[in-house]
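*Asks:* sequence and predicted model, in that order:
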Amino acid sequence: MSSYEISKSENYLNYCSDKIRPLPVTGPDAKPLPKMTLDGQVVEFVPGDTIMQVAERAKVASRIPRYCYHPGLSIAGTCRMCTVEVEKAPKLMTACSTPATDGMVVRTRSEKVLKSRSGVVDCLLASHPLDCPVCDKAGECELQDYDYEYGPSRSSFVDEKRVFPKSSTRKLSDKIVLNMNRCVACERCVRFTDEVTKTNDLVMLNRGWKKELTVGDEDKGLYNDYQGCLSDFCPVGALTWSDFRFQKRVWFLRGNASICDRCAKGCNIEVHSEKEIIYRFVPIYNPKVNAHWICDEGRLSYKMVTNSHRVIAPLLEVAGHGPTATSWETLIPVTASLLKNSSRALLVLGTDSTMEECENLRKFFSKFVQNGEIRYFNGTGITTSSENKALDHLLRQNDKTPNTKGVESLGLKPLDVAGVNGFDTVILFRSGRAGIPSVAAAKNLILWGVWSDEEVRAQKNVRALLPGLATQEKSGTFMNCDGILQSFKKAVEHRGYGLDVTRIIEKF
Amino acid sequence: MGTINVSREYSVKEKMFLPAIIQGMIITLKRFIQGFIFHKKYTIMYPEERRNYSQRFRGMHFISVDENKVENCTACFLCETVCPAECIHIVAEERDSASNPYGVRKEKKPLSFDIEVLRCCFCGFCEEACPKDAIKLSRNYELSILSRQEGIYDLNHLKREVKGRG
Amino acid sequence: MDIFTLAQLLAKIVFVFAVCLGVIPFLVWFERRGSAWIQGRVGPNRVGPFGLIQPFADVAKFFFKEFWTPAEANKWYYHLAPIFALVAPMAALTVIPFGSYLMIGDQIVNLQIANVNSGVLFILAFAGLEVYPIIVAGWASNNKYSILGALRGSSQIISYEISMGLALLSMLLVYGTFDLHSMVAWQGQKFFGFVPAWGVFINPIGALIFWISTFAETNRLPFDLPEGDSEIVAGYHLEYGAMKFALFFMAEYVAMIMASALLVTLFFGGYQLLPGVQAAVDAIVSMNGLSDAAAQNLKAVFQFGCLFLKVAFFMVVMIWVRWTFPRFRFDQVINLGWKMLFPLALANVVFMSVVVYLMS
């Protein structure tokens, strides 16, 4: 089984998500591939590629600018930003929709091309408001970038800018805010709801000057489960993600690759943080797992990590007061004696533990406790990975923990109906995603990992709590619902007293 | 090793030192008389007299307000970004649309806008970066405070209705 | 001891110490204001007229400051040092005659607190004690800068005490007595009928050596190496704050008064009237037809006034010197003390012996 390491990859080096072409045949009977010239560089390509795709894969020196083209969506050719000069063609051709042909000679930065792009940007800015200071897209805005790179230094327009009174700030749903004044009408969002989510809940009304984005059905509103992606690929600040709205300017954020642990799919994400505080998750491209997308539930799941009710200090039970904050130095000996003196101990591993954690805890438990057993527990509505099923045709899964399959592959058994009966000491290890089994029968309960204040208070007989790290704060390996092993690295530093499992075991 | 020896022999007269000492004493005596009798001084009697600073002097910051006493700041974070001393701390929020007569123009506003004056180096980059001419540097240089906490100026302290430079 | 003796003794003690401590605020004021004038500044000018109340405001501040002791200090010696620093020069003041005598009824009151036969030795003994507060303060503070200041102070004071002693010795040869009263009386003579027989005219080199040594003894600039603000922060009194520091501060001025008074007594005629004052006294006496006793009392008052003026002059010069010259380097101080003043003083003793032999 091969392991796939999550890292930031350039997400434009690919085809449309549902139109993955077979790679060219290699071998003795392979036909020679056609060739074309791109900015003086001779490149091979697969028949059927467009100029844009050839250029992306050949990594020509400068990226061809684009608004309507998105590798995960179908080709529209509406924005005219990607025009290139093709020899023998009378006019400029759009790189995104022109198929490459053998012997074609293409120039992507000729004077003619640059003049055309300058004109396109000028026209787009004709009625684009100058509100970059309040726009959340500023800093990662393609309009800003391309205006800086290609745009004219002065606008050719002197007229009043177009204003949409109703859609200047309009909530399309709880999660998405529309500012129609900023829209450049690339229609990526409309194609997304048409092709990817297949909900058709965004449409363009009217034509020309009055073209306006609105929801398909006013009663239903915007209702798909992948709305965050709209703000990701919107090239301007027309569609913004209300959870991130006005929270942070994007240039402060540091992006680190990690994995979303909200469901068994294990979507690849980039954790955007400043000063180790997570502000948002954005998807990164992985054709085997999530392509370009991530669901809203996963996108919002960073809140568990930054939750102010999360317990980030070691707790020890004080008679009459319940669990009370203490230091590791006090906590470890008490926990150790509790484990050593127990007649029969049980370690319950949540299915949100990484493979490494499970292995380390198993070793530690077998060495430290004589009469112990280890079980895993999912607790999100299912027991074993075989019960997991996809909730839609895209990414969302029934299993809300990231590693059920991985824990099973280590040979662990699920927590059976008998539960914790017959065990006097129970360790519950979870990283905040797995459910909590009913452990009221346990005499001594040791909580380990990521817990919130409310979750701790709901338990009886809590003797100690050993705070751990959330998925984004540690490195490890998950096996997703399709059996793909994905290892990830630490994206942010933990901001409390929580420690990695290996560090805690060292203390014992 | 690159040292220059500048020592010299003193003449007998110089070795006496006393003439030089008396010479020095006479100089200070003259100064004393100048100060004592003719009140010659270089001191500026501060609270009563002020030094005249240039028009471009950069002193305490303020945030300009419009005719409705609403700050011009839209919490764009450009000053926080450009600040080399990292002394500006902004938290942004959406302006309550019911009481917002400005519409989109001022939909974002600073929930808190703190300047740690003790860290500030008064470079004026924030003023330069501000797209709304909201943050400006006045000519006020009397910034004495009694505790470190007072060195953090919040929005209410900073808001001021001023035309041009204060 | 009868009541009258006790009363006049107490009165003299109170008078001398009151004058001595009473002029300190004005000295401090003059030091600050004068330095300001010299440097083109203004100086303290807010508290009272011309800022005259400023020293009292300072004292009030010193009283209300936190009484703070360093944790590692030797508490007993730490607290002893500032008291000692003030007491030693004050004790030396007791033998300085500040007038000839008063006639109260038929009793003669000598204007000197303690009429010690060996007054000069008494003064030398107490002047020698001045080094101890510096050493004790520096050592007891348990601070590197303080101990450095103390080391500098001890070596400097001991070095200059030798020159000072030799300069004094040369004058003892002239006066032939240890008693300060007799010395001053000796200086009441006139040379050639009009030049007062002050020590300085007989022994100018001795006077110069003695004068320079007093600067070193009182740690005044340019000999303030034990304090050396720019090098060792504040030297021996670095760890002292509030009133303890103020005691050191006052001690410096008392030492200045003592040194100046001694200089005046030995070389500048002590309480002897300044030229021309005698005529004024005679004129007042003859105009009012005063009795002998009253005339003597009037003369004593004028004598004290003259002593006061002489001492004040030397105090002003000390302040003036302070704001003129920079501090010596330490090797320069020791070189000056041992290679210049010490041989000069020795030679001066020999020279004066010859002079005295020839004169007698």
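*Replies:* Right, received. Where do you want to start? Numbers count the residues shown, from 1 in each chain, chains lettered A, B, ... in the order given.
*Asks:* distance from the chain centre to whichever strand or helix holds C:Val264, please.
*Replies:* C:Val264 is part of helix C:242-267 when elements are defined by DSSP states H and E. Between the centre of helix C:242-267 and the centre of its chain there are 5 Å (Cα atoms, centre = their mean, to the nearest Å).
*Asks:* and if you look at stretch C:345-356?
*Replies:* For stretch C:345-356, the distance to the chain centre is 25 Å (Cα atoms, centre = their mean).
*Asks:* and the contacts of that stretch?
*Replies:* By Cβ atoms under 8 Å, 6 or more residues apart in numbering or on different chains, the surrounding residues in contact with stretch C:345-356 are C:162-163, C:166-167, C:169-171, C:173-174, C:202-203, C:205-206, C:209. Where C-beta positions appear, they are placed from N, C-alpha and C, glycine not excepted.
*Asks:* adding pLDDT, write the residues you listed out as CSV.
*Replies:* CSV is the format used below for the contacts of stretch C:345-356 (pLDDT from 0 to 100):
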residue, pLDDT
C:Ile162, 88
C:Ser163, 90
C:Leu166, 90
C:Ala167, 90
C:Leu169, 88
C:Ser170, 88
C:Met171, 86
C:Leu173, 86
C:Val174, 84
C:Ile202, 83
C:Asn203, 85
C:Ile205, 89
C:Gly206, 89
C:Ile209, 91
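*Asks:* just the residues you listed: which are in strands?
*Replies:* Using DSSP state E, no member of these falls in strands.
*Asks:* between the residues you listed, which is nearest chain A?
*Replies:* Of all the contacts of stretch C:345-356, chain A sits closest to C:Ile162, with 65.0 Å by Cβ to the nearest Cβ.
*Asks:* what's the closest non-adjacent residue to that closest one?
*Replies:* Spatially, and ignoring its direct neighbours in sequence, C:Ile162 is nearest to C:Phe342 (5.9 Å; Cβ to Cβ, 6 or more residues apart in numbering or on different chains).
*Asks:* what is the mean pLDDT for whichever helix or strand the one you found is part of?
*Replies:* Using DSSP H and E, C:Phe342 sits in helix C:342-359. For helix C:342-359, the mean pLDDT works out to 89.
*Asks:* cool, and stretch B:12-23?
*Replies:* 81.
*Asks:* what sits up against that stretch?
*Replies:* With Cβ under 8 Å, 6+ apart, stretch B:12-23 has contacts from C:Phe325.
*Asks:* again, but for stretch A:408-417
*Replies:* Identification of contacts with stretch A:408-417 by Cβ under 8 Å, 6+ apart yields A:348-349, A:355, A:358-359, A:362, A:374-378, A:383-385, A:437, A:479.
*Asks:* domains for chain B, by residue range?
*Replies:* As recorded under automatic domain parsing, the domains making up chain B are B:11-42, B:61-160.
*Asks:* before we move on, back to that, and the helix holding C:Phe342, how far from the chain's centre?
*Replies:* 25 Å.
*Asks:* stretch C:268-288 too?
*Replies:* With Cα atoms, centre = their mean, you get 25 Å for stretch C:268-288.
*Asks:* before we move on, the earlier item: most tightly packed of the domains of chain B?
*Replies:* domain B:61-160 (a mean of 16; mean count of other Cβ atoms under 10 Å in any protein chain shown).
*Asks:* which one of the contacts of stretch A:408-417 is nearest A:Thr324?
*Replies:* Nearest to A:Thr324, judged by Cβ to Cβ, of the contacts of stretch A:408-417 is A:Val348 at 23.6 Å.
*Asks:* quick check: bridge partners of the closest one?
*Replies:* Legend: beta-bridge partners of A:Val348 under DSSP bridges are A:Arg375, A:Leu428.
*Asks:* show me the contacts for it.
*Replies:* A:374-377, A:415, A:420, A:426-429, A:437, A:439.
*Asks:* at 7 Å instead, please
*Replies:* Contacts for A:Val348 (Cβ atoms under 7 Å, 6 or more residues apart in numbering or on different chains) come out as A:375, A:377, A:415, A:426-429, A:437.
*Asks:* in JSON lines: those, plus distance to C:Leu6 and pLDDT.
*Replies:* Supplementary listing: these in JSON lines, determined by distance: Cβ to Cβ, whole Å; pLDDT from 0 to 100:
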{"residue": "A:Arg375", "distance to C:Leu6": "103", "pLDDT": "86"}
{"residue": "A:Phe377", "distance to C:Leu6": "101", "pLDDT": "87"}
{"residue": "A:Leu415", "distance to C:Leu6": "104", "pLDDT": "82"}
{"residue": "A:Val426", "distance to C:Leu6": "95", "pLDDT": "86"}
{"residue": "A:Ile427", "distance to C:Leu6": "92", "pLDDT": "88"}
{"residue": "A:Leu428", "distance to C:Leu6": "93", "pLDDT": "88"}
{"residue": "A:Phe429", "distance to C:Leu6": "94", "pLDDT": "90"}
{"residue": "A:Pro437", "distance to C:Leu6": "100", "pLDDT": "82"}
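*Asks:* the helices in chain A, which residues?
*Replies:* For chain A, the helices defined by DSSP state H cover A:51-58, A:111-124, A:142-150, A:188-191, A:227-233, A:296-299, A:302-306, A:328-340, A:355-368, A:404-409, A:453-458, A:501-507.
*Asks:* do you know how far the closest residue to chain A within the stretch 201-350 of chain C is from B:Tyr42?
*Replies:* Closest approach between the stretch 201-350 of chain C and chain A, counting by Cβ to the nearest Cβ: C:Glu239, at 37.8 Å. Distance of C:Glu239 to B:Tyr42, given as Cβ to Cβ, to the nearest Å: 35 Å.
*Asks:* quick check: phi and psi on the residue nearest the centre of chain B?
*Replies:* Chain B has B:Gly59 as the residue nearest its centroid, 4.1 Å off, counting by Cα atoms, centre = their mean. Per-residue torsions, B:Gly59: phi -120, psi -140 (degrees, to the nearest 10).
*Asks:* would you mind listing what in chain B touches chain A?
*Replies:* Along chain B, the residues adjacent to chain A under the rule Cβ under 7 Å from any Cβ of the partner chain are B:74, B:76-78, B:81, B:92-94, B:103-104, B:107-108, B:131-132.
*Asks:* which one of those residues is nearest chain C?
*Replies:* B:Thr81 (43.3 Å).
*Asks:* that closest one sits in which helix or strand?
*Replies:* helix B:78-82.
*Asks:* related to what we said a few turns ago, possible to save the residues of chain B next to chain A as JSON lines with pLDDT and secondary structure?
*Replies:* Formatted as JSON lines, the residues of chain B next to chain A follow (pLDDT from 0 to 100; DSSP: H, G, I helix; E, B strand; the rest coil):
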{"residue": "B:Thr74", "pLDDT": "87", "secondary structure": "coil"}
{"residue": "B:Cys76", "pLDDT": "88", "secondary structure": "coil"}
{"residue": "B:Phe77", "pLDDT": "90", "secondary structure": "coil"}
{"residue": "B:Leu78", "pLDDT": "91", "secondary structure": "helix"}
{"residue": "B:Thr81", "pLDDT": "91", "secondary structure": "helix"}
{"residue": "B:Ala92", "pLDDT": "89", "secondary structure": "strand"}
{"residue": "B:Glu93", "pLDDT": "87", "secondary structure": "strand"}
{"residue": "B:Glu94", "pLDDT": "84", "secondary structure": "strand"}
{"residue": "B:Gly103", "pLDDT": "58", "secondary structure": "helix"}
{"residue": "B:Val104", "pLDDT": "56", "secondary structure": "helix"}
{"residue": "B:Glu107", "pLDDT": "79", "secondary structure": "coil"}
{"residue": "B:Lys108", "pLDDT": "85", "secondary structure": "strand"}
{"residue": "B:Pro131", "pLDDT": "88", "secondary structure": "coil"}
{"residue": "B:Lys132", "pLDDT": "85", "secondary structure": "coil"}
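*Asks:* list the contacts for C:Ile108?
*Replies:* C:Ile108 sits in contact with C:Tyr101, where contact means Cβ under 7 Å, 6+ apart.
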